[in-house]
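Enquirer: Structure, please.
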Amino acid sequence: TLFRSDERFGNLQAMVVNAANEQVLLDYKGEQASATASTMKLLTAAAAMQILGPNYRVQTRVYRDATDPGTIYLVGGGDVTLSRTAPGKQSVYQDGPKLNDLAVQINRTFGTSPITKIVADGSLFTGPQWLAGVDPTERTNGYLSLTSALQVDGDRKNPTSETSPRSTSPELTAGNALKTTIGANAMSATVVTGILPQSATQIATVQSQPISNWINHMLAVSDNTQ
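Expert: Next up, the predicted model:
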């Protein structure tokens, strides 16, 4: 009766269970199906900790083409915390890996040889990047990015702001950010999306913070991209 009469509860659905003996302490529309909203993050976090473990880290790699040595591939492993921020600067993801560290390794390999093409590969995640039922303003207003295994700063326009507009192609955004970070060697490089060929050779890699750090951030600020 209280839930029905007090508008502060909104459209409440709730179930409280004693974890020790599974006794249901409160059940108000607990069996009624509805959108889970951000409470799904709790299940996502629990699954990640159980399946991946708290020390799991994600790698982002760069490869050089075997037949066209001027072409490199930026291959996402699902690390949305990869950042274009300068050394010593922080994005919203504390101590995330830097494009700058990839650029240093790339320039060490290429020397003065030019990079002519950067291929951005976010194909590790398959399926639609956006569900039709989700309002596009969630992206343009800055609450959610497209789903891609290759992103920098969660595809935020402003890497230091939790809520910031996201792009329509996180892969190309990441590829162009790497081009800028590499500097003179990549000045004339074209940036395209594509798939890594098996014959390419790895020349650079960075890894993320432990997944437990991601989870702390995701739950604290309700980060939809993480």
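Enquirer: Quick check, central residue of this protein?
Expert: Val80 (2.3 Å; Cα atoms, centre = their mean).
Enquirer: tell me the contacts of that residue?
Expert: Shown in contact with Val80 (Cβ atoms under 8 Å, 6 or more residues apart in numbering): Tyr93, Ser145, Gln151, Asp153, Gly154, Asp155, Thr225, Gln226. No exception for glycine: its C-beta is placed from N, CA and C like everyone else's.
Enquirer: ok, 7 Å please
Expert: Contacts for Val80 (Cβ atoms under 7 Å, 6 or more residues apart in numbering) come out as Gln151, Gly154, Thr225, Gln226.
Enquirer: With Arg64 instead?
Expert: Taking Cβ under 7 Å, 6+ apart, one finds Ile72, Thr109, Ala200, Thr201, Ile203 in contact with Arg64.
Enquirer: Following the least confident helix or strand in the chain by mean pLDDT in sequence, what is the next regular element?
Expert: The least trusted helix or strand in the chain, going by mean pLDDT, DSSP states H and E, turns out to be helix 2-5, with a mean of 70. Where DSSP states H and E defines the elements, the next helix or strand beyond helix 2-5 is strand 14-17.
Enquirer: How much space separates Ala200 from Asp121?
Expert: Ala200 is 10 Å from Asp121, where distance means Cβ to Cβ, to the nearest Å.
Enquirer: what sits in contact with each of those two?
Expert: With Cβ under 7 Å, 6+ apart, Ala200 and Asp121 have common neighbours Tyr73.
Enquirer: coming back round to it: could you find which two of the contacts of Arg64 are furthest from each other?
Expert: Thr109 and Ala200 (12.6 Å; Cβ to Cβ).
Enquirer: More neighbours: the two, which one.
Expert: Ala200 (20 against 16; other Cβ atoms under 10 Å).
Enquirer: any idea whether the nearest residue to the more buried one once chain neighbours are set aside is helix, strand or coil?
Expert: Leaving aside its chain neighbours, Ala200 sits nearest to Tyr63 (3.8 Å; criterion: Cβ to Cβ, 6 or more residues apart in numbering). What DSSP: H, G, I helix; E, B strand; the rest coil gives for Tyr63 is strand.
Enquirer: Helices along the chain, start to end?
Expert: 2-5, 40-51, 99-110, 137-140, 170-182, 211-221 (DSSP state H).
Enquirer: winner for burial among these?
Expert: Most buried of those by mean neighbour count (mean count of other Cβ atoms under 10 Å) is helix 170-182; its value is a mean of 23.
Enquirer: elements contacting that helix?
Expert: Using 3 or more Cβ pairs under 7 Å, 6 or more residues apart in numbering; DSSP states H and E as the contact test, the elements touching helix 170-182 are strand 71-75, helix 99-110, strand 117-121, strand 190-193.
Enquirer: could you redo the ones you listed as a markdown table and give each row distance to Arg166?
Expert: Below are those laid out as a markdown table (distance: least, Cβ to Cβ, whole Å):
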| stretch | distance to Arg166 |
| --- | --- |
| strand 71-75 | 18 |
| helix 99-110 | 18 |
| strand 117-121 | 16 |
| strand 190-193 | 16 |
